[in-house]
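[1] Need a 3D model of the sequence below.
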Amino acid sequence: MIYLLHARWLLLTTALLFLSGCQLTLPSESKPSYGEYYLTLQQLSSQQLADEVAKQQAAIALDKAPNTALYYQGQLKLLLLYSLPRSPVYNSFSAKTWLNNLQNSSDNGAFADISPSDQAFFSLLRDQLNQRILMRNRLLAEQQKQQQAALNQQQQLIEQVTLLQQIIKQLQNIEQAIDKRIP
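    Numbers count the residues shown, from 1 in each chain. A predicted model of the protein is given here:
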């Protein structure tokens, strides 16, 4: 009888332990991460991206309480749309400026309620935008350098043509002078 009581108690304790363990491991209902949102954006068509841009811009415009979590969520999503190369509003300079403004806000509210993985994602995005801008600036500098070299070469060619025209004119004058001497 005591053995049966011990067995029931052990069975009940084990069952409660398993049930409490299951309860602790249930997936939590959480909003998707910004990384997941970015991956979703990459799958959208051009029209769907334009619709998403309009949706986020409207949500920000309608939000009467700036500096709230919902307001910042729209700001961050729009930032991701500006940083997505296929987006109709893609502009790495605007995205970087937007990110800087959100990071430099006095209360840093845009990043106060996001997970560490999302913070890492935005840090990576900042680094990526910096690299894009740096590469674009290097490309522009190289193009300007090539344009300046082409302009210098063109100027040298113009000077050479002018010099050749002067030499031709002098040779023509010499030829005319020789022709006048010979009767």
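
[2] Remind me what the helix or strand Gln147 falls within packs against, helices and strands.
    Assigned by DSSP states H and E, Gln147 belongs to helix 116-181. Applying 3 or more C-beta pairs under 8 Å, 6 or more residues apart in numbering; DSSP states H and E, one finds that helix 116-181 contacts helix 34-43, helix 69-83, helix 92-103. Where you see a C-beta, it was placed from the backbone N, CA and C, and this is true even at glycine.

[3] which intervals of this structure have sub-threshold pLDDT?
    The model of the chain has pLDDT under 70 over residues 1-31, 64, 105-109, 183.

[4] Just want the most central residue of it.
    In the chain, the residue lying closest to the centroid (C-alpha atoms, centre = their mean) is Ser83, at 2.9 Å.

[5] Which residue, other than its chain neighbours, is closest to it?
    Ala95 (4.0 Å; C-beta to C-beta, 6 or more residues apart in numbering).

[6] Look up how far Leu84 lies from the one you found.
    Separation of Ala95 from Leu84 (C-beta to C-beta, to the nearest Å) stands at 9 Å.

[7] Specify which residue of those two has the higher count of neighbours.
    Set Ala95 next to Leu84 and count neighbours by other C-beta atoms under 10 Å: Ala95 wins out with 25 against 19.

[8] doesn't Asn130 make contact with the more buried one?
    No - assessed by C-beta atoms under 8 Å, Ala95 is found out of contact with Asn130, at 10.8 Å.

[9] OK, contacts around the residue nearest to Ser83?
    By C-beta atoms under 8 Å, 6 or more residues apart in numbering, the residues touching Ala95 are 79, 82-83, 129.

[10] In JSON lines, list these along with distance to Ile158.
    What follows is the contacts of Ala95, written out as JSON lines (distance: C-beta to C-beta, whole Å):
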{"residue": "Leu79", "distance to Ile158": "49"}
{"residue": "Tyr82", "distance to Ile158": "45"}
{"residue": "Ser83", "distance to Ile158": "45"}
{"residue": "Leu129", "distance to Ile158": "43"}
